[in-house]
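*Asks:* Sequence and computational prediction follow.
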Amino acid sequence: MEKEKIANSTIYNQVRTILVQGIVVALLLSLGANLILSFRQENEARDQSLISAAQVMANAPVLMDHIDTKQANEYIKRTVDSVSSIDVLAVYDPTGEPIAFYDLASGSHDVSQLAPLSEDIMDNLTQDDSTLLHNSDAPSGTDRCAYAAIYSTDGKISGFTMAGIYMRSIRKMVFLTLLSHVLVGVAALFFGGMLSLRLSRRIKDDLLGYEPNDFRRLFLQQMDILDGLDEGILAIDKNSTVVYLNRAASDMLRISVDEAIGQPLKVIYPRSTIARVMRTGKPEYNISLESITHVSVISDRIPLRRDNQIEGAVAIFRNRTEVTRLAQDLTGVQHILEALRAYTHEFTNKLHVILGLMQLKEYDRAEEYVLRITQTRAQSIDYIRDRIHDPTIAALLIGKAYRAAELDIRFSLDPASVLYGNGQFMPVTAMITVLGNLIENAFDAMRGAPTDVPSEVTVSIREGARGLLLSVDDTGPGMTEEVKQRLFERGFSTKGEGRGTGLALVQEMIEAYHGTIRVESELGVGTSFIITLTEQS
């Protein structure tokens with residue numbers, strides 16, 4: 001079952017295809033070269049055999065002085081039978097007429113199959129006193145023939161001899177060559193298949209059992225996931241060379257990924273101490289990085305081991321600036337701190353007034369001023385506390401009231417407001433985030449308000465049996481339709497860089513508790529944010 005699974009796998013098919021193609025190409029090249037060499041060697045050997053056979057016959061005593069047809073036929077038959085490289089032998093008289101003949105293929109002695117020798121062949125043999133390779137006047141089907149002159153003991157030409165070979169001998173040689181290569185090819189393919197099976201198993205083991213395409217897809221998915229993280233990741237090998245850097249780490253270190261990969265760590269991050277964990281073998285957590293100054297970063301460093309040997313290290317960077325800001329937004333700490341600062345500022349101003357009256361010895365007026373502001377603040381606090389029964393939300397509104405007074409903005413709570421503070425529709429922490437951001441957004445809007453229009457911010461909190469209604473209204477300059485469309489985009493702000501997260505966070509909170517938020521705005525009149533939350537079944 002395991003063999004069948006591997007045999008049908010993609011990696012096996014790829015390896016097998018490559019090996020088969022290599023074997024086939026090698027066989028074709030080898031076959032071509034071998035056939036060329038074989039033909040050349042065979043031609044040379046064949047011609048030499050034919051010439052030798054023709055000369056031997058020409059020097060045979062039985063043919064030199066007196067050619068007896070019967071004896072000649074017997075002699076040439078024995079010669080053809082005993083010499084494997086000769087298929088045909090023939091003897092001619094001095095005039096070129098055939099007088100003896102033997103064909104190995106048919107066993108025929110019929111000299112009528114032969115034509116007389118041409119004048120050209122006889123002239124060449126007579127003049128050169130040598131052998132001649134020629135194909136004319138040969139029996140039909142012969143591929144090559146050799147001729148020689150027979151000289152008698154007195155030195156006169158007494159006849160001619162011919163030795164020939166048929167095409168079937170050439171075809172036999174080609175067939176045997178091809179057959180040998182086919183057998184070699186079959187054997188090579190068999191062993192190549194076995195090797196491809198072993199190689200594919202080894203490759204799959206190295207790829208943890210995955211096919212190459214699956215492994216590549218998984219690798220790219222993991223790279224996309226790592227690049228999508230807000231945490232920065234930097235990995236080095238045992239030589240402190242950077243082998244991986246994701247997008248977040250690239251942004252924190254202010255270096256591109258392409259420039260960092262393959263570079264020594266000290267080149268791209270000179271003050272880094274990441275390599276220290278490779279020496280100690282112990283991980284380090286929550287290390288504050290003073291070497292990165294443009295953001296607040298904490299880092300974890302972990303040595304990478306394989307087979308109990310340290311092969312590198314990985315560092316994880318977390319941007320503490322963003323985490324701290326989000327935590328403040330979520331808990332309302334920032335809003336409370338701003339309210340306390342505003343209260344302190346206003347209280348200091350009141351003390352300055354009292355100190356001035358005391359220095360002027362206006363003691364009665366100083367007492368009256370203290371009683372008046374004390375009564376006013378008490379009434380304001382009581383007014384909010386009577387309607388908002390949750391102390392945290394009440395404290396937020398009181399702090400915002402002080403902040404509004406500092407900014408010369410009239411801040412008021414709708415008299416119909418009521419909040420029981422049981423968190424039925426939204427937890428208190430979420431409500432702090434929503435109200436705090438909307439009120440601060442309204443305060444910011446007042447900076448662009450017309451000077452002839454009173455700056456007012458009104459908050460309404462109405463909780464009933466079936467839902468909760470929150471609204472924050474301002475008399476600011478209002479918003480254009482384009483701004484309204486992009487109002488809740490994270491990072492979008494008309495107040496400059498580094499802003500644009502508050503309203504996006506508000507929308508996320510509202511959606512998390514299945515509420516709705518509506519924005520009504522008119523240029524020159526103001527803006528209203530209206531939030532509705534209902535009980536979920």
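*Replies:* Thanks, I have it.

*Asks:* what kind of secondary structure is the closest residue to residue 189 other than its chain neighbours in?
*Replies:* Counting by C-beta to C-beta, 6 or more residues apart in numbering, residue 189 lies nearest to residue 23, which is 5.9 Å off, once chain neighbours are set aside. C-beta here means a position set from N, CA and C on the backbone, and glycine is covered the same way. Per DSSP: H, G, I helix; E, B strand; the rest coil, the local secondary structure of residue 23 is helix.

*Asks:* burial count for residue 23?
*Replies:* Applying other C-beta atoms under 10 Å, we find 18 residues neighbouring residue 23.

*Asks:* With adjacent residues omitted, what lies nearest to residue 462?
*Replies:* Distances taken as C-beta to C-beta, 6+ apart put residue 469 closest to residue 462, at 4.4 Å, once the chain neighbours are dropped.

*Asks:* At which residues are the helices of the stretch 351-500 of the chain located?
*Replies:* Under the criterion DSSP state H, counting those that start in this stretch, the stretch 351-500 of the chain contains helices at 363-387, 391-406, 428-445, 481-485.

*Asks:* CSV please, covering those and showing mean neighbour count.
*Replies:* Shown next, in CSV, are those (neighbours: other C-beta atoms under 10 Å):
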stretch, mean neighbour count
helix 363-387, 13
helix 391-406, 21
helix 428-445, 22
helix 481-485, 11
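
*Asks:* can you tell me which of the ones you listed comes nearest to residue 234?
*Replies:* Closest to residue 234 of those, according to C-beta to C-beta: helix 428-445, at 33.5 Å.

*Asks:* Which of the helices or strands spans residue 251?
*Replies:* helix 247-253 (DSSP states H and E).

*Asks:* Run a quick neighbour tally on the residue nearest to residue 394 when sequence neighbours are not counted.
*Replies:* Closest residue in space to residue 394, ignoring its immediate chain neighbours: residue 388 at 4.3 Å, by C-beta to C-beta, 6+ apart. Neighbour count for residue 388, taken as other C-beta under 10 Å: 24.

*Asks:* Residue 388 pairs with what?
*Replies:* With DSSP bridges applied, residue 388 shows beta-bridge pairing to residue 419.

*Asks:* Just the local confidence number for the residue nearest to residue 462, please.
*Replies:* With respect to pLDDT, residue 469 scores 93.

*Asks:* Tell me if I'm right that it and residue 531 touch.
*Replies:* Yes. Look at residue 469 against residue 531 with C-beta atoms under 8 Å: they come within range, at 7.1 Å.

*Asks:* More neighbours: those two, which one.
*Replies:* Taking other C-beta under 10 Å, residue 469 and residue 531 do not tie; residue 531 has more neighbours (24 against 18).

*Asks:* Centre of the chain to the strand or helix carrying that one, how far?
*Replies:* Under the criterion of DSSP H and E, residue 531 resides in strand 526-534. Centroid separation between strand 526-534 and its chain, computed with C-alpha atoms, centre = their mean, to the nearest Å, is 47 Å.

*Asks:* can you pull the buried residues of it?
*Replies:* 526, 527, 528, 529, 531, 533 (16 or more other C-beta atoms under 10 Å).

*Asks:* Can you add pLDDT and distance to residue 224 and give these back as CSV?
*Replies:* Below are the buried residues of strand 526-534 laid out as CSV (pLDDT from 0 to 100; distance: C-beta to C-beta, whole Å):
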residue, pLDDT, distance to residue 224
526, 88, 45
527, 91, 40
528, 93, 42
529, 93, 37
531, 93, 36
533, 91, 37
